[in-house]
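>>> Provided below for reference: sequence and predicted model.
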Amino acid sequence: MNLELRQLRYFVAVAEELHFGKAADRLHMTQPPLSQAIQALEEMLGTALFLRNRRSVSMTPAGEAMLPEARRMLAQAAELPGLVMRAAGGEEGRLSLAFVSSADYSVLPPFLRSYRAAYPQVQIVLQEATSDVQVDELLRERVDAGLIIPPLPDKALPLLDYLKVLDEPLILAAPAGLDALRGDAPVWLKNVPRLPLIIFPRPIAPALHDAILGVFAAAGITPQIGQEAIQMQTIVSLVSAGMGLALVPQSVRNLMRPGVEYRALHDPTPLVETGLAWRRDNSSPVLQGFLDLLRKNI
C-alpha cells in the first residue's frame, strides 16, 4: 500500500466539507478528478470512506476513524521541513554528554543551564564516568563529548580534540573536629594528623593521582593509602565516616557532607584541569552548537 499525502489531503478536504464540489474548490481542482482520487483511495483501503447520494455526502465509521489520523499525519508532514532545518542548525536532536564526578560540582551545572536555555529542543543524555571510561566511550562513538581530567592517552590523540574549561587547586577534605583544622585559615599538610589517604585508583586519572601523591612527597610525608574509591562522592563519604582524609579539587567543597571539613593548603598544590573531549570527526550540528556555546562561556 503506497498511501500518498496528496490522497490524505483530498480525503480530509471532503471529510471537512462533506461536499465534493466545495472540497474541489478548496483544493483548486475540478470535481471529477477528486471523486476519482477518493474512489481509488477507498479501493486501496478496501472499504468505503463516504456514503454518497444526490443530496448529501456523509462519512462511514471507517472514514470517521481515519479522519483524526489523517489530520495528524498531515500535520507531522507539515512540521517536517522545520524539524529538518532545526536539526541541521543544531537546534533539535540529541546530545550525549559524559562527565567526571568533580565536574558535577563545578562547570557542569552552569554549562547545562546555558545550553538548555539556548537549545531547549535538544535532548541531553548525561552519563557519569571516569576519564578512562569516557575516552573508551568516545573512541567507540558511544558519547558525543566528555568532561574529563586530562591528559588524553596516546591512543586517543589522533582521534580526539580537547578544550580546557577549568583550572582549580587541590584542597584538603578531612574528618571534622581535628585540632589542626580549627578556624578557617589554610593549613600545612605536615600539621594534619597522619590519617589514611582516601584516593581513587591510579588508572582512572594517572596525572591527578600522581599530583596528589606529589603534594605529600613535597611535604615530606609518605601517606598510607587506606581506601580507594572511584567517585568523588564516595571519597567524601568515606572522609565523613572518619576513614581518612583526601585531597580533592576545590569545587568538591560544594559537596556538603556532615562530618567533613574542607581547608585550603599552605603547601604548593598543582592546578587540577578539567576539559571537554570529543571526536574530531564528529560533525553533529548539535555537538557543534554545544562547543560554540561552551567557548563563549569559558
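On my side now, so go ahead.

>>> next, the closest residue to residue 125 other than its chain neighbours: secondary structure please.
Of all residues not flanking residue 125 in the chain, residue 96 sits nearest, at 4.5 Å (CB to CB, 6 or more residues apart in numbering). C-beta coordinates here come from the backbone N, C-alpha and C atoms, glycine included. For residue 96, the secondary-structure state derived from DSSP: H, G, I helix; E, B strand; the rest coil is strand.

>>> surely residue 96 touches residue 123?
No - here residue 96 does not reach residue 123: they are 9.2 Å apart, not a contact under CB atoms under 8 Å.

>>> looking at the two, which is more packed in?
More neighbours surround residue 96 than the other of residue 96 and residue 123, with 19 against 11 (other CB atoms under 10 Å).

>>> show me the contacts for that one.
Listed by CB atoms under 8 Å, 6 or more residues apart in numbering, the contact set of residue 96 reads 125, 127, 142-145.

>>> ok, 6 Å please
Listed by CB atoms under 6 Å, 6 or more residues apart in numbering, the contact set of residue 96 reads 125, 143-144.

>>> which ones among those are found in helices?
Applying DSSP state H to the contacts of residue 96, no entry is found in helices.

>>> give the burial count for residue 98, as a bare number.
Counted with other CB under 10 Å, residue 98 comes out at 25.

>>> and the closest residue to it other than its chain neighbours, which helix or strand is it part of?
Take residue 98 and drop its neighbours on the chain: the residue closest to it by CB to CB, 6+ apart is residue 146, 3.9 Å away. For residue 146, the host element (DSSP states H and E) is strand 145-148.

>>> hey, which helix or strand in the protein has the poorest pLDDT?
Ranking every helix and strand in the chain by mean pLDDT, DSSP states H and E puts helix 61-88 at the bottom, with a mean of 83.

>>> where does pLDDT dip in this structure?
1, 82-90 (pLDDT under 70).

>>> can you give me the strands in it?
50-52, 57-59, 93-99, 122-128, 145-148, 160-175, 197-199, 225-228, 246-249, 260-263, 271-279 (DSSP state E).

>>> got the buried residues for the third one?
Read that as strand 93-99. Residues 93, 95-99 are the ones in strand 93-99 that count as buried (16 or more other CB atoms under 10 Å).

>>> can you state the direction angle for it and strand 271-279?
150 degrees (axes from the mean of the first three to the mean of the last three CA atoms, to 10 degrees).

>>> let me know the angle separating strand 93-99 from helix 61-88.
50 degrees.

>>> show me what strand 93-99 pairs with in its sheet, parallel or antiparallel.
strand 122-128 (parallel), strand 145-148 (parallel) (DSSP bridges).

>>> let me know which of those is tucked in deepest.
strand 145-148 (a mean of 26; mean count of other CB atoms under 10 Å).

>>> and that strand, how far out from the chain's middle?
Distance of strand 145-148 from the chain centroid (CA atoms, centre = their mean, to the nearest Å) equals 11 Å.

>>> list the contacts of it.
With CB under 6 Å, 6+ apart, strand 145-148 has contacts from 97-100, 103, 131, 134, 138, 276-278.

>>> and which of the residues you listed is nearest residue 59?
residue 97 (49.6 Å; CB to CB).

>>> hey, what's that closest one bridged with?
Beta-bridge partners, per DSSP bridges, of residue 97: residue 126, residue 145.

>>> next one: it from residue 168, what distance?
20 Å (CB to CB, to the nearest Å).

>>> one more: residue 256?
17 Å.
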